[in-house]
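A.B. asks: Structure for this input, please:
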Amino acid sequence: MVRRAGEKNVRAKNLTIQLCKELPIPLPPLPEQRKIAEILSTWDRAIETSKALLATARTQKRALMQTLLTGKRRFPEFEGEDWREVRFEEVFDRVRRKNTVGNENTLTISGQDGLVSQQEYFNKRVAAADLSGYTLLAGGDFAYNKSYSTGYPMGAIKMLPDGQSGVVSSLYLCFTLADRDAHCREFFRHFFEAGCFNHEIYKFAQEGARNHGLLNVSVHDFFRAKITIPRRAEQERIADAINLAEQEESRDRAVLDKLRTEKKALSQQLLTGKRRVMV
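C.D. replies: Numbers count the residues shown, from 1 in each chain. Just a heads-up that it's a prediction; the model follows:
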């Protein structure tokens, strides 16, 4: 290792450009520097390739959702069947159950991850101490956050996965399928995520309330809104196709995350001299 001359002990708040120039920097010989740069550049190229694959997977999934969930693209076995227009309340019941069981798993809505633990998402508890007035959710229930955010101009609707339970603020509008044998939950999970219900919410959401970050959506208007859907068999077929695309996107994201983590660990070793390379 080679160190530059002019070492000084200074506090960070007293650093100047001149002092920064005089601080010691541990450097390997030039051939080793080039070898390290070559190794890390190889990882950079792998990461860029992985990012491109992930972007393609996302684009394909979104295109699939926009065409299948609106009936613009049909599977051959269902082409002769018309979709029907129904009111929201014909398909869903409102969830009103209160937290009488003392459930302390407070949930919040994340655009990317859905309904997640508030403690893990914020790394702290931001809910009230008394959770008895919160709404208790079970697996398969949906929650609507009327706050608009990036990617969710009409608010986000998320489904709690099977086997989970938790509580959400009473500000959330919660609902569940009235007849789980008549409809497919996974279809509606994608239906809401694709924004297929946004145009209906837009019709009755009061714009003035948006200045406060919260859409003024009444329960009555919400459940009287209309949706156009196929019968259950086609719902399941659509959900299966989108789930497959979703799994491919998740795999590509996992590969990218792994490459980034491994490159970071390798950089910390190579750029500090903890791990040397042969030239």
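A.B. asks: Please enumerate the helices of this protein.
C.D. replies: Ranges of helices within the chain are 17-22, 30-68, 88-91, 118-122, 185-193, 198-204, 219-224, 232-270, based on DSSP state H.
A.B. asks: between the last one and helix 185-193, how many degrees?
C.D. replies: Translated: helix 232-270. Between helix 232-270 and helix 185-193, the angle comes out at 70 degrees (axes from the mean of the first three to the mean of the last three C-alpha atoms, to 10 degrees).
A.B. asks: same check, this time on the second one
C.D. replies: Relative orientation of helix 30-68 versus helix 185-193 (the same axes, to 10 degrees): 100 degrees.
A.B. asks: Buried ones in helix 30-68, by neighbour count?
C.D. replies: Buried positions in helix 30-68, judged by neighbour count with 16 or more other C-beta atoms under 10 Å: 32, 35-36, 43, 47, 50, 53-54, 57-58, 61, 64-65, 68. Any C-beta I mention is one placed from the backbone N, CA and C, and that applies to glycine too.
A.B. asks: Please name the residues that touch the residue most central in space within the chain.
C.D. replies: Residue closest to the mean C-alpha point of the chain, counted by C-alpha atoms, centre = their mean, is Gln112 at 0.5 Å. Listed by C-beta atoms under 8 Å, 6 or more residues apart in numbering, Gln112 has no contact partners.
A.B. asks: Over to Phe188?
C.D. replies: So, once contact is read as C-beta under 8 Å, 6+ apart, Phe188 ends up touching 91, 142, 159, 177.
A.B. asks: rewinding a little: tell me the confidence at the residue nearest to the centre of the chain?
C.D. replies: What the model reports for Gln112 is a pLDDT of 80.
A.B. asks: what's the answer for Lys13, then?
C.D. replies: In this model, Lys13 carries a pLDDT of 59.
A.B. asks: And for Pro24?
C.D. replies: For Pro24, pLDDT reads 80.
A.B. asks: How much space separates it from Thr272?
C.D. replies: 14 Å (C-beta to C-beta, to the nearest Å).
A.B. asks: This completes my enquiry, with thanks.
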